[in-house]
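Participant: Just the structure for this:
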Amino acid sequence: MPQALPDWPMVPACHGWLALDARGCWRLRGETITHPGLIAFLAAHYTADARGNWLVNNGPQRVYVELAAAPLILRLHPGGRLVTHSGREARATGPVLVDAEGCAFLATDLGPGMIDDRDLALFAAELQHVDGAPAGDEALLALIDGQPDPELRWRDLDVVSCARAEIPERLGFQPRPQALEP
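Facilitator: As a prediction, the model looks like this:
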């Protein structure tokens, strides 16, 4: 009979080392990670805990991720596809929250995300009123200014103005994890 593997040792969680920037690049102690194998490892082991902290499971150790914007950075692809910074296809599930800087945040089936700033022009071009008419620059500027149009939509989702400080709580994530050990 084969012997059972030994239990993992108790290892303290790691904080303050790993971050995800607003364009979906991993950073280790502030330096951009470029090694393809390490990026693939991080993407494969990236998850959230019950408290909304995002982390990478590194064997027995939890490496908590500081978020510059949101847990997922979303790119807009042809055919209406949303693709995360780690290459997974996501489906939008909730309202779009637009902050005073014009950044667009939303819930997806994979977790909370922010549309990459390089795709905001595409996002703005898809804004419509309930009747299907294009929203135009005035509606977007009013939204950014905190005066939303209650009939504004993006891909059949409501679009609302939201203060940046309120977005993590509304979408259920912690930008600066302070998790307790299990």
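
Participant: how far out from the middle of the chain is the lowest-mean-pLDDT helix or strand in the chain?
Facilitator: Lowest by mean pLDDT, DSSP states H and E among the helices and strands of the chain is helix 136-144, with a mean of 88. Relative to its parent chain, helix 136-144 has a centroid offset of 23 Å by C-alpha atoms, centre = their mean, to the nearest Å.

Participant: Distance from the chain centre to the next helix-or-strand element following that helix, please.
Facilitator: Downstream of helix 136-144, the next assigned helix or strand under DSSP states H and E is strand 152-154. Distance of strand 152-154 from the chain centroid (C-alpha atoms, centre = their mean) equals 20 Å.

Participant: And the average pLDDT for strand 152-154 is what?
Facilitator: For strand 152-154, the mean per-residue pLDDT is 94.

Participant: okay, how far is it across stretch 84-100, tip to tip?
Facilitator: The straight-line separation of the ends of stretch 84-100 (C-alpha to C-alpha, to the nearest Å) is 23 Å.

Participant: follow-up on the earlier one: how about the CA coordinates for the least confident helix or strand of the chain, as CSV?
Facilitator: Provided in CSV are the C-alpha atoms of helix 136-144 (Å, rounded to 0.1, in the frame of the first residue of the first chain):
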residue,chain,number,x,y,z
GLY,A,136,-23.0,60.3,-27.2
ASP,A,137,-20.3,62.2,-25.4
GLU,A,138,-22.7,64.3,-23.4
ALA,A,139,-24.2,61.3,-21.6
LEU,A,140,-20.8,59.9,-20.8
LEU,A,141,-19.5,63.3,-19.5
ALA,A,142,-22.6,63.7,-17.4
LEU,A,143,-22.1,60.2,-16.0
ILE,A,144,-18.5,60.9,-15.1
